[in-house]
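Q: here you go, sequence then predicted model.
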Amino acid sequence: MLRYRLEGPGGIEHLMMHEEEQPAPKAYEIVVRIRATSLNRRDTMIVNGTYPLTPRKDVVPLSDGAGEVVATGDAVTRFAVGDRVTGSYFARWIDGQINAQLIDQLGCTLDGMLSEYAVLDEQWAAKLPDHLGWHEAATLSCAGVTAWNAVTGAKSLRPGQWVLVIGTGGVSLFALQFARMLGCRVVAVTSRAGKQERLRALGADHVVISSETPKWGALVRELTGGIDLVVETGGPASFEQSLMASTLYGHIVLLTLQDSKGGSIQLPAALYQRSLATISRLFVGNRTSLEAMLRAVGTHRLSPVVDSVFPFTEARQAYRYFQQGDVFGKVVIDGAIPTQQ
């Protein structure tokens with residue numbers, strides 16, 4: 001079987017494809033034939049050596065992937081051969097709050113999904129909704145769970161309230177879709193006017209073009225009367241505008257604290273003093289959150305947005321494309337393996 005391994009940090013050239021023996025499961029393990037995987041920002045940070053958690057040497061990259069179970073260990077009870085599954089980002093974090101013993105991540109400290117076959121402990125996986133194709137199903141573990149917990153987390157939203165999303169990456173588009181699913185209204189901020197219609201098609205009530213209105217916070221507040229929940233993915237470039245757009249006692253879920261050059265968000269004291277906004281953090285989520293999100297995705301037949309699909313043998317090109325940053329949804333790597341001549 002074919003499998004990629006990251007043979008050291010410092011760039012995409014260290015991502016190497018190998019021919020290896022097909023794995024067999026131990027007692028509590030399942031073997032999954034991976035049909036598709038997808039990229040997240042943290043995957044490029046791992047490759048470039050800038051991720052705060054040190055990856056295991058020669059790790060198989062990527063947390064997000066989907067496939068069907070092809071073999072199970074003798075003691076496995078949660079899955080059967082033929083089940084469609086995805087992995088949980090924090091593999092050992094099942095429920096409750098995270099602690100130092102639960103920080104292992106697929107594709108970082110544990111082998112991930114960029115492989116023809118993956119071996120997972122049965123506790124590390126969750127069943128997929130039937131309506132999703134493989135490319136869609138491969139997008140959910142990181143961006144999907146992050147957006148789900150941002151929208152459904154500590155402060156429950158009510159139908160009709162306003163949600164602000166920034167950009168067109170995976171987390172932002174999932175947050176838009178989940179907010180609409182809950183009956184909320186959505187403002188989407190993007191730098192590209194050409195993406196306006198696609199954002200409206202996903203359900204955005206207003207689309208604000210930041211390249212045309214750099215100080216967009218006041219405009220968003222004027223359009224909405226104030227945002228109830230900001231899913232803040234823009235970091236230092238957008239945080240002040242997000243704070244300005246928030247309603248009194250609004251909620252900002254802060255997902256990005258630094259930009260690519262290491263710049264950190266700054267808290268404008270005078271603006272924050274009068275906002276009374278709650279600012280909170282989250283880091284993806286546990287398996288219970290993943291399973292709750294999958295149930296919602298299945299019930300509402302939600303379709304994740306896929307920007308582009310690359311062949312398995314062109315994984316490096318997928319990383320390069322993702323890193324250039326101008327995407328609309330998820331970048332997927334297909335799991336089909338070319339037939340050897």
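A: In hand now; what should we look at?
Q: name the nearest residue to the residue nearest the centre of the chain, sequence neighbours excluded.
A: Closest residue to the average C-alpha location of the chain: A143 at 1.3 Å, with Cα atoms, centre = their mean. Using Cβ to Cβ, 6 or more residues apart in numbering and skipping residues adjacent in sequence, the residue nearest A143 is G170, 3.3 Å away. Every C-beta, even on glycine, is put in place using the N, C-alpha and C of the backbone.
Q: separation between the one you found and L255?
A: Distance, G170 to L255, using Cβ to Cβ, to the nearest Å: 11 Å.
Q: which strands and helices sit next to the lowest-mean-pLDDT helix or strand in the chain?
A: None of the helices or strands of the chain scores lower by mean pLDDT, DSSP states H and E than helix 269-275, at a mean of 86. Identification of packing neighbours for helix 269-275 by 3 or more Cβ pairs under 8 Å, 6 or more residues apart in numbering; DSSP states H and E yields helix 239-245, strand 246-254.
Q: dump the residue contacts of T247.
A: By Cβ atoms under 8 Å, 6 or more residues apart in numbering, the contact list for T247 reads 162, 221, 224-228.
Q: just the buried residues from those, in PyMOL please.
A: Those of the contacts of T247 that count as buried under 16 or more other Cβ atoms under 10 Å are selected in PyMOL with:
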select buried, resi 162+221+224+226+227+228
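Q: ok, which pair from the contacts of T247 is furthest apart?
A: R221 and D228 (11.8 Å; Cβ to Cβ).
Q: mind listing what's buried along the helix or strand following the least confident helix or strand of the chain?
A: Using DSSP states H and E, the helix or strand that follows helix 269-275 towards the C-terminus is strand 278-281. Residues of strand 278-281 classed as buried: I279 (neighbour count, 16+ other Cβ under 10 Å).
Q: for stretch 206-219, output the C-alpha coordinates as PDB.
A: C-alpha atoms of stretch 206-219 as PDB (Å, rounded to 0.1, in the frame of the first residue of the first chain):
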ATOM      1  CA  HIS A 206     -25.100  40.300   3.900                       C
ATOM      2  CA  VAL A 207     -21.700  40.000   2.300                       C
ATOM      3  CA  VAL A 208     -19.200  42.800   3.200                       C
ATOM      4  CA  ILE A 209     -16.100  43.200   1.000                       C
ATOM      5  CA  SER A 210     -13.300  44.100   3.200                       C
ATOM      6  CA  SER A 211     -11.000  45.300   0.400                       C
ATOM      7  CA  GLU A 212     -13.700  48.000  -0.400                       C
ATOM      8  CA  THR A 213     -14.500  48.800   3.200                       C
ATOM      9  CA  PRO A 214     -11.400  48.100   5.300                       C
ATOM     10  CA  LYS A 215     -13.100  49.500   8.500                       C
ATOM     11  CA  TRP A 216     -16.100  47.200   8.000                       C
ATOM     12  CA  GLY A 217     -17.000  46.900  11.700                       C
ATOM     13  CA  ALA A 218     -19.200  50.000  11.700                       C
ATOM     14  CA  LEU A 219     -20.900  48.900   8.500                       C
END
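Q: report the buried residues of it.
A: 206-210, 216-217, 219.
Q: could you dump those into JSON lines with pLDDT, distance to L271 and secondary structure added?
A: Converted to JSON lines, those look like this (pLDDT from 0 to 100; distance: Cβ to Cβ, whole Å; DSSP: H, G, I helix; E, B strand; the rest coil):
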{"residue": "H206", "pLDDT": "98", "distance to L271": "22", "secondary structure": "strand"}
{"residue": "V207", "pLDDT": "98", "distance to L271": "24", "secondary structure": "strand"}
{"residue": "V208", "pLDDT": "98", "distance to L271": "18", "secondary structure": "strand"}
{"residue": "I209", "pLDDT": "97", "distance to L271": "23", "secondary structure": "strand"}
{"residue": "S210", "pLDDT": "96", "distance to L271": "18", "secondary structure": "coil"}
{"residue": "W216", "pLDDT": "97", "distance to L271": "14", "secondary structure": "helix"}
{"residue": "G217", "pLDDT": "97", "distance to L271": "9", "secondary structure": "helix"}
{"residue": "L219", "pLDDT": "97", "distance to L271": "16", "secondary structure": "helix"}
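Q: that'll do, ta.
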